[in-house]
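Participant: Build me a model from this:
(chains A and B)
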Amino acid sequence: MLDSKIPSGPLSEKWTEHKGHCKLINPANKRKFEVLVVGTGLAGASAAASLAELGYNVKAFCVQDSPRRAHSIAAQGGINAAKNYQNDGDSVWRLFYDTIKGGDYRSREANVHRLAEVSVNIIDQCVAQGVPFARDYGGLLDNRSFGGAQVSRTFYARGQTGQQLLLGAYSALSKEINRGAVEMYARREMMDLVVVDGKARGIVCRNLVTGKIESYAGDAVLLCTGGYGNVFYLSTNAMNSNVTAAWRCHRKGAYFANPCYTQIHPTCIPVSGDHQSKLTLMSESLRNDGRVWVPKNKGDKRPASQIPENERDYYLERKYPSFGNLVPRDVASRNAKQVCDEGRGVGDTGLAVYLDFRDSIQRLGADTISARYGNLFQMYERITGEDPYSVPMRIFPAIHYTMGGLWVDYNLMSNLEGLHVLGEANFSDHGANRLGASALMQGLADGYFVIPYTLGIYLAGATLPEVDETHDAFKEAVDSVQKATKKLLGINGSRTVDDFHKRLGRMVWDNIGMSRNKEGLNDVLQKIPKLREEFWSDVRITGSGEQLNAELEKAGRVADFLELGELMAQDALARTESCGGHFREESKTEEDEAKRDDENFCFVSAWEYTATGKKAKLHKEKLTFENVELTQRSYK
Amino acid sequence: MSSKAMNLTLKVWRQTGPNETGKLATYELQGVSPDMSFLEMIDMLNARLIQEREDPIAFDHDCREGICGMCSMVINGTPHGPEKATTTCQLHMRKFSDGDTIVIEPFRADAFPVIKDLSVDRSAFDRVIQAGGYVSVKTGGSPDANATPIPKKVADEAFEAAACIGCGACVAGCKNASAMLFVSAKVSQLALLPQGQSEAATRVINMVSKMDEEGFGNCTNTEVCEAVCPKEISVRNIARMNREYLKATVLSED
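Facilitator: Now for the predicted structure:
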């Protein structure tokens, strides 16, 4: 069993007590510590800035040309905080409870409670930075209800909350760069973790402009590199989002937890053809006024306007009369897949369902609908060329967020000492399913308010002999990265990297996507290793390693996805229960809903890397619930 | 959903490195779907170049949903192409016609040196922000978020300025390669909000001075920047920055 190092004491006092008794580092000594922060999204930028303010020497790395472009920027909806500004009965307890329940009881009580506690500080911090949140006419902050929550606790900045929060964290980071407390390295991709005497002591990066393999030594490494949704090829993630940094840490000994927990978002713009490179999410608030339907009859190819009312199947309203179109993300997604599998999907590809605003426009008027969703309608029209005011939108689910990630203890440290993992890259707070507007909250909580305390605990207690870039461990890491690069460039096969990535994505989507079963998982466990073999013998990468080479970058990432995909299948196969975003067809209620197996699966699966193509070794962290009662979800 | 495939002639800027001479190369591309995004059309061309063992075209891109600001390209003379308020990644091929010739060049400015092909170095923007584009508060100890009410109108105006994605189209579109719209958007956001007041004077002076040092040109009020801005950031921000600058310099007590 893994030790999560959860402090003792009552739930609501754990974090305060823990902070109050943790070891401190003398301010004059903090500058003697070198902290390497990889990734500059919400988690990374907020951590780098906050640690630099405390006096640590920080080096920050990002794969984009500027830290302002990290994919946190694309989050639309909002950020939760238990401020109770609306006087509607919200509290730290309620946010905690909703998050635990939403995660289908597969997350840690102590972590989630801490998250709810610090949520209020995040909003204060962001406002002080000049983040322009939406306000009401009295000049106070406005809130909305989001993702089916019963209280209005979501703070937002139009449909660009992620952008504004990221620019806030970026401004704090810029302030520290200007002060000389953070050295920023953009256009760098982390290629390996350097471990000395069992502790993370540095990283090896590829300078994406010059191709040079660079070494950086430090006393701790913070991995803030986001999720692995791009294993599906088509996802709402940015093109450069990848698992490489996390995977290379996994290969060096860090456990990968719950890789099969991925979140599929129901309201994305459908695929238009083979050329498709990524998917675009539209806020799920659209389901407040749009009605989801497909034709009752298979293969009905008439335009929506010619399908009479009695030949339409508003299947969510029919099956879930009390929640209707507002059922949770996973339920909406699975039902869309089901009707498309039945041959009732719409559009050229048959892989879409309608989201129809006709009735709302008749009831409320086009102006009201435009005021609520104008920017989303515009975005939809730009991408599809169709006007959603007159033709129903077509939507289809897409992978959007990954709850799984590197295993961390309560202090956000991996089992590999010195390696800390923050934000979407870790597995810690969302269990088997993440609630809307909670990703931004977790990224900033980890960076602004958790790691500044918990990193000190590690650094104050660890024995860290002087290690610099001339150490043999760095030479070995550089050598192995160079060898791998040379190997990739030397294959000179016949297929592009994208070709392999697309085929892998299809396998993962079909078998480890919205619903999984034993047969499919066993099948994909045969297919992925074969595809990986083919990749390593037939991929074609043009150009050299000593220049900007996007194909080489992609190849390294796809090589890692080809290993991760196998681990996801292994994890999904081992977890024979359904929970949250992980739906095992063998484990469902009589109403066809996900059925948990608390007796046998109330644990975190943390996988230890053994060798490529070999089964990973399972370690379990038992989840104990002392404050909430485990219940079964129902949306009928 | 139109499905008629198009044939296009592409003239693309190819440049192997920052110090090499570049030139336009011509490619005939067949079978382009009108449903493709502009970048997916480039993906298609690159897949063909790889098959032909040629070096694919380097270009910057990331989110492909119009918010990260990483994509660039000057398309037929206009940064981000012909569609108003749209980044290159959100531009779709249905805006072009079968048989079209499309000229694709990098964002050009002395302050944005070419790295390779269509990829340019926009780190000058980061350095301008580092000179003062923030409120100097540390993490922790901030007052309650509702302690200072901000009139909705002011908050909305600050948001409009804060919506800048830092892509650099304003610079690429300007005949002087001026960064006034970019810099003024940040100066405006923070000048409008109460949180930005204590550093307002030093902020505008330091950011403007950094902007000049990075080699961006002067503003001559052509307003091309606003016209090509994918987020339609208003030139009124430039006027506000000029007022802030004047206040900071002429009226300063120092």
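Participant: hang on, isn't A:Lys486 packed against A:Gly545?
Facilitator: Yes: A:Lys486 lies in contact with A:Gly545 (Cβ atoms under 8 Å); the separation is 7.2 Å. The way it works is simple: take the backbone N, C-alpha and C, and place the C-beta from them, glycine included.
Participant: Those two: who's more crowded?
Facilitator: With neighbours defined as other Cβ atoms under 10 Å in any protein chain shown, A:Lys486 and A:Gly545 compare such that A:Gly545 has more, 17 against 10.
Participant: For the closest residue to chain A within the stretch 51-200 of chain B, report the pLDDT, please.
Facilitator: Closest to chain A within the stretch 51-200 of chain B is B:Pro149: 3.1 Å, counting by Cβ to the nearest Cβ. pLDDT for B:Pro149: 98.
Participant: Okay, domains of the chain per the record?
Facilitator: Because you didn't say which chain, this covers chain A. Using automatic domain parsing, the domain parsing of chain A gives A:265-398, A:473-601.
Participant: I was after chain B.
Facilitator: Using automatic domain parsing, the domains assigned to chain B come out as B:6-115, B:123-249.
Participant: pLDDT (mean, whole number) over the shortest one?
Facilitator: Model confidence over domain B:6-115 averages 97 on the pLDDT scale.
Participant: can you pull out the helices in the stretch 1-150 of chain B?
Facilitator: In the stretch 1-150 of chain B, the helices defined using DSSP state H, counting those that start in this stretch lie at B:38-51, B:123-130.
Participant: Buried deepest among those, which one?
Facilitator: Most buried of the helices of the stretch 1-150 of chain B by mean neighbour count (mean count of other Cβ atoms under 10 Å in any protein chain shown) is helix B:123-130; its value is a mean of 22.
Participant: Is there any residue in that helix that contacts chain A?
Facilitator: Yes: Helix B:123-130 lies within reach of chain A by Cβ under 8 Å from any Cβ of the partner chain, at B:123, B:125-126, B:129-130.
Participant: Phi, psi for residue 174 please.
Facilitator: Since no chain was named, I'll use chain A. A:Ser174 adopts backbone torsions of phi -60, psi -40, taken as degrees, to the nearest 10.
Participant: nope, chain B please
Facilitator: Dihedral angles of B:Cys174 (phi, psi; degrees, to the nearest 10) stand at phi -80, psi 130.
Participant: OK, contacts around it?
Facilitator: B:Cys174 sits next to B:217, B:219, B:222, B:224-225 when contact means Cβ atoms under 8 Å, 6 or more residues apart in numbering or on different chains.
Participant: Just the buried subset of these, written out for PyMOL, thanks.
Facilitator: Here is the PyMOL command that selects the buried residues among those (16 or more other Cβ atoms under 10 Å in any protein chain shown):
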select buried, chain B and resi 217+219+224+225
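Participant: Can you tell me which of the contacts of B:Cys174 is nearest B:Phe182?
Facilitator: Among those, B:Cys225 lies closest to B:Phe182 (Cβ to Cβ), at 8.2 Å.
Participant: would you turn the residues of helix B:123-130 next to chain A into a markdown table with pLDDT?
Facilitator: A markdown table is the format used below for these (pLDDT from 0 to 100):
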| residue | pLDDT |
| --- | --- |
| B:Ser123 | 98 |
| B:Phe125 | 98 |
| B:Asp126 | 98 |
| B:Ile129 | 98 |
| B:Gln130 | 98 |
